[in-house]
Structure formats: structure tokens, C-alpha cells
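> Sequence first, predicted coordinates after that:
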Amino acid sequence: MTAHTGPHPTRRLILQGAASVALIGLGNLPFAPVRAAANDKYPEEVFKLKNEADAIKALYGKTAEPSDKVMLDAPEIAENGGVVPISVTTTLDKVTSISLFVAENPNALAASYKIPEGTMPAVANRLKMAKTSNVTAIVEADGKLYSATKEVKVTVGGCGG
């Protein structure tokens, strides 16, 4: 049998030591990518526009052409306009952004994503829709705009009417 004369390490002491080592280690990491992302201009004014065509023009400066390479997955009927599941995928190369527009919402632009190089161009979101409307996905790829549109019928109170 051996006798210990010093303080016994407790679980709390070990966790505090591990946390201290981890924080000291983080002090040596460069955080430049975080600062760069924080400096990206948020398109605040575009999110306030009422008209879909105006919002697309303000965000991208040009119009989009319909493409079968942009797949917009949305329900035909949404029983709850507060949470309408929408997803967008594409087989286009060099995708730099994907945006979602709801024509009949008070603000046309619902979501906009920047797609980093080398990332699979796919996004999903739950949109709030005021009423039955067309949902348009805009994909920016290799400097051109491509779109897909689908009508989503929003029922009142989930009654199907």
C-alpha cells in the first residue's frame, strides 16, 4: 500500500487544466478567415425590397435564365406557411451564390447564400410564406444567373382551402 501526501487530482481540477491548455493553444491560431467573413457586405437594402425582379436586379445586377440544372424542391401545398421546407441543388460548375425569392411575401428576398469554392452547391431552409406564391431559386455560376421557379400553395390553418 502506498501513501499519497499531496493534493489528489479531482475531475474538476483535471478539466480546468485541460481547458487552460486548450485556451492557451487557441491563442496561437490565426483568426483571419473569421475577420474576413465578418467584413463581407450584408445586402441589407436588398432584403427590404418588395418586388422580386427589383430584388434580383439589386442583388445581382442582371436577370436569370431558367435552367433544368437548378433543382428546386418545395411542397406543392404547404399546410403551415410559417415553416415551408425548401431546398436547392445544382449540377452547375463554379457556383458562387444561391438565393431564394418569394414573390408574394412582403419582402421578396427570403435567403441568400455565398457558396465557397470547392463546396457542394446545395442549400436548404424553412421559409415563411404569407400566402400562395411562386418561389424562385437563383444560382450564380461562372458569372451567369440560372433559375428555377415553383408555385407553393399555402393553405389557411392547414384546412386545404
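On my side now, so go ahead.
> So for the protein, the centremost residue is which one?
With distances taken as Cα atoms, centre = their mean, residue 113 lies nearest the centre of the chain, 5.0 Å away.
> helix or strand right after the helix or strand containing that one?
Taking DSSP states H and E as the definition, one finds residue 113 inside strand 109-114. Using DSSP H and E, the helix or strand that follows strand 109-114 in sequence is strand 122-127.
> by how many degrees do the very next helix or strand once past that following strand and strand 122-127 diverge?
From strand 122-127 onward toward the C-terminus, using DSSP H and E, the following helix or strand is strand 133-141. Here strand 133-141 points in a direction 150 degrees away from that of strand 122-127 (axes from the mean of the first three to the mean of the last three Cα atoms, to 10 degrees).
> which residues touch strand 133-141?
Strand 133-141 has contacts (Cβ atoms under 8 Å, 6 or more residues apart in numbering) with 52, 56, 59-60, 64, 67, 70, 72, 74, 84, 86, 88, 90, 92-105, 110, 121, 127, 129, 145-152, 154. Placement of C-beta: from N, CA and C, glycine included.
> Next: stretch 68-86.
If you take Cβ under 8 Å, 6+ apart as the criterion, stretch 68-86 is touched by 87-92, 100, 124-131, 135-137, 139, 146-155, 158, 160.
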